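In: Starting from these lines, generate the structure:
(2 chains)
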There are 2 protein chains.
Amino acid sequence: MSHWAPRFVANGVPLADFQEVTASVSRWEDWCAAWSARAAVHEEMGNKALAGGYNTSAGAHFTRAAVCYHFGKFLFVNDMAQMKEAHRRAVECRNKALPHLDPPGERVAIPYEGRQLYGNLRKPKGVAKAPIVVMCMGLDSAKEEMDDYENRFLKRGLATLSFDGPGQGEAEYDFALCPEYEKPVAAVFDFLATRSDVDPLRAGIWGVSLGGYYAPRAAAFEKRIRACVALSGPFQRSADFTGRPQMNVEAFRVRSKSANLEEAGKVALRFSLAECAKNITCPIYIVAGTKDRLTPHTQAEKLAASVSGPCVLSVIEGGNHVVNNFWYRYRDQTADWMAAQLGAAKR
Amino acid sequence: MSHWAPRFVANGVPLADFQEVTASVSRWEDWCAAWSARAAVHEEMGNKALAGGYNTSAGAHFTRAAVCYHFGKFLFVNDMAQMKEAHRRAVECRNKALPHLDPPGERVAIPYEGRQLYGNLRKPKGVAKAPIVVMCMGLDSAKEEMDDYENRFLKRGLATLSFDGPGQGEAEYDFALCPEYEKPVAAVFDFLATRSDVDPLRAGIWGVSLGGYYAPRAAAFEKRIRACVALSGPFQRSADFTGRPQMNVEAFRVRSKSANLEEAGKVALRFSLAECAKNITCPIYIVAGTKDRLTPHTQAEKLAASVSGPCVLSVIEGGNHVVNNFWYRYRDQTADWMAAQLGAAKR
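Out: Just a heads-up that it's a prediction; the model follows:
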């Protein structure tokens, strides 16, 4: 929970909402309902603003609603019907926000294995055919949590595409999580090649938490990736879940569609950059925190030591998982770095 | 302190900074130094970003530095030399941020009683001669704390002028606080009349905390004011400081340049809307929280009952002082309302 307050607040949950909702919940079983109730307050304000023609406000209220529904859902695999309903409303609220954001967003569908992955595409104002950052989620994050990160790239002249890959967000029901993440990323890059409004030749990749593994994993295989940011991702997972928070373990089991922990352990073992990291030749910016209880920062050091291209390693003293507590030590910095790698004008 | 976390965070202090700095301070005497040290971390990141040509980042880092210095200083009247140094750096950091904000800001000097008041003027992008909101501080706020509020008006096509009036921020050393706030506001409106880049005929006023008294007070006298927003201000203060937090009382004594509480009590008594509220004929939006321990929400009800023009009274259940905990219930809403009053196009 002490890790959660900084993450929730840094990603758009009002502090008093975090304090009140968590204080009101004594059993995990009540978590999703409590957050959904608070989310509905924001959703209602969004509907009211929209009805009054106050679109800027509506976009902000719906985004807050989406992130509250999202956190109600994020690790709540206990009751899938309840989770799916919170999830449906998170997506719906962010979709309602998209046209009213500054700059606005567009929901896109990316063909993948005969079905579709969904993403939110946003383009910076006043830039034709902008460079673009493909944003990879983690075990429990989803594209509806990305507003703050997206805004920092957009302000610097980069487009963003936050997408839910296998095992994540909208794709977690149909697709098991996928340690070989170069596969969905190839589909995303094929999709980008069909767009005339962004520049797929100046595309980077970014990933958070487990996405901090997915992004470099993809960069090792997908040569259309020009630069990579990896936040608190593992270098090599073990089959042993001992010592990890029970909720994360259970979410991993469910999202990997494993019947039990033994099966899940086999999936975990496939999370490895040991063989392929040497094939990462594009520039990479790696962030880790010394107080990360989910991914030891030594994993970041292993990755930094294994890549073949230029590397910035930022190990942040006192940083927790994803360094959400000291976000000001890397969020702007990585956005500036990515903009420079993709040739955007300095801002 | 429980009131402070929401205020600090809602106005730009990273949550982990609030938690770490307050946890590290056991004696009030150490408060200003601890916040100044944290502010210096942000200032250094600002300097580094600026040196690298990353102006967007620099603007954000300097603004965070300014707000941390500001909160180091805000009620710290114990050691004036230390307070002044923190204050100097708060102003310096915000000044360094101004040209790099989006939209940028400009420091302006407003002639007043043979000296000057200082303010930060920001204009919305793409709007010629924009309507403008004059922003009034409270007992312990200053123009360096206003970034979030300013941004909400700017997004809606309104210019902003945050200024330090008598007893506030840069004007608190030369000028005692001034219950007859129509005087400095008249000087601000005279100043606005000299500007060709904003529209003084479409100007509103906004005030927070004690500024929630100053703004309607000015509106009762200054007929150039077209609309007023008042947040958690008193209607009538008493000469009795019993039950108020000791630090606020001492700050009031110092900023009113009173030698003792008896003198301060006489100044407090001059804070009154009882006689003049009926002269408020412009539209007014009044916000109060039912859990405000500094200004009972009944003060807002008295004001609402006394004005002569159109009035929106928003008493927010569970809201603390300035409703900083539930800021999402009034910050966007008041900005939309002000934009409508001043004839800005809906956004």
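In: And the residue nearest the centre of chain A, how far from A:Ser162?
Out: Centroid-nearest residue in chain A: A:Met137, 2.9 Å away (criterion: C-alpha atoms, centre = their mean). Computed with C-beta to C-beta, to the nearest Å, the distance linking A:Met137 and A:Ser162 is 8 Å. Heads up, the C-betas are built off the backbone N, CA and C, glycines and all.
In: Give me the common contacts of the two.
Out: Jointly contacting A:Met137 and A:Ser162 under the rule C-beta atoms under 8 Å, 6 or more residues apart in numbering or on different chains are A:Lys143.
In: Give me the neighbour count for A:Cys228.
Out: A:Cys228: 30 surrounding residues under other C-beta atoms under 10 Å in any protein chain shown.
In: list the contacts for A:Pro166?
Out: The contact partners of A:Pro166, taken as C-beta under 8 Å, 6+ apart, are A:117, A:172, A:175-178, A:184.
In: Spell out the secondary structure type for it.
Out: In three-state terms, and counting by DSSP: H, G, I helix; E, B strand; the rest coil, A:Pro166 is coil.
In: Mind pulling up the pLDDT for the residue lying farthest from the centre of chain A?
Out: In chain A, counting by C-alpha atoms, centre = their mean, A:Gly52 sits farthest out from the average C-alpha position, at 32.4 Å. At A:Gly52 the predicted local distance difference test score is 97.
In: What's the separation between it and B:Asp332?
Out: Taking C-beta to C-beta as the criterion, A:Gly52 is separated from B:Asp332 by 11 Å.
In: circling back: contacting residues around the nearest residue to the residue farthest from the centre of chain A once chain neighbours are set aside?
Out: Closest residue to A:Gly52 apart from its sequence neighbours, by C-beta to C-beta, 6 or more residues apart in numbering or on different chains: B:Asp336 at 7.4 Å. The neighbourhood of B:Asp336, defined by C-beta under 8 Å, 6+ apart, consists of A:49, A:52, A:54, A:56-57, B:156.
In: Can you tell me how far B:Asp336 is from B:Leu231?
Out: Taken as C-beta to C-beta, the span from B:Asp336 to B:Leu231 is 15 Å.
In: which element is A:Lys257 on?
Out: Per DSSP states H and E, A:Lys257 falls between elements, in no helix or strand.
In: One more: the one 5 residues further on?
Out: Taking DSSP H and E as the criterion, the element that holds A:Glu262 is helix A:261-269.
In: Does at least one residue of the longest helix seen in chain A sit close to chain B?
Out: Within chain A, and with DSSP state H defining each element, the longest helix by residue count is helix A:31-51. Yes: using C-beta under 8 Å from any C-beta of the partner chain, we find that helix A:31-51 touches chain B at A:42, A:45, A:49.
In: Okay, buried residues for that helix please.
Out: A:31-32, A:34-36, A:38-39, A:41-43, A:45-47, A:49-50 (16 or more other C-beta atoms under 10 Å in any protein chain shown).
In: And for stretch A:316-325?
Out: Here stretch A:316-325 shows A:316, A:319-325 as buried, counting by 16+ other C-beta under 10 Å.
In: go on, stretch A:127-147?
Out: Neighbour-count burial for stretch A:127-147 flags A:127, A:130-147 (criterion: 16+ other C-beta under 10 Å).
In: And for stretch A:71-82?
Out: Judged by neighbour count using 16+ other C-beta under 10 Å, the buried positions of stretch A:71-82 are A:71-77, A:82.
In: Where do the strands of the stretch 51-200 of chain A begin and end?
Out: Secondary structure of the stretch 51-200 of chain A (DSSP state E, counting those that start in this stretch): strands located at A:105-112, A:115-122, A:130-136, A:159-163, A:198-208.
In: Where do the helices of chain A begin and end?
Out: Applying DSSP H to chain A gives helices spanning A:4-10, A:15-24, A:31-51, A:55-73, A:80-97, A:147-155, A:182-192, A:211-221, A:246-255, A:261-269, A:297-306, A:331-341.
In: gap between the two ends of stretch A:274-282?
Out: Between the opening and closing residues of stretch A:274-282 we find a distance of 17 Å, counting by C-alpha to C-alpha, to the nearest Å.
In: try stretch A:230-249
Out: 22 Å.
In: From the chain's centre, how far out is it? Work that out for me.
Out: 16 Å (C-alpha atoms, centre = their mean, to the nearest Å).
In: For A:Cys68, give its distance to A:Val254.
Out: In this structure, A:Cys68 and A:Val254 are separated by 22 Å, where distance is defined by C-beta to C-beta.
In: which ones are touching A:Val9?
Out: Under the criterion of C-beta under 8 Å, 6+ apart, the contact partners of A:Val9 comprise A:15, A:18, B:9, B:15.
In: Taking these together, which two end up most distant?
Out: The largest distance within these, taken as C-beta to C-beta, falls between A:Phe18 and B:Val9 and amounts to 10.1 Å.
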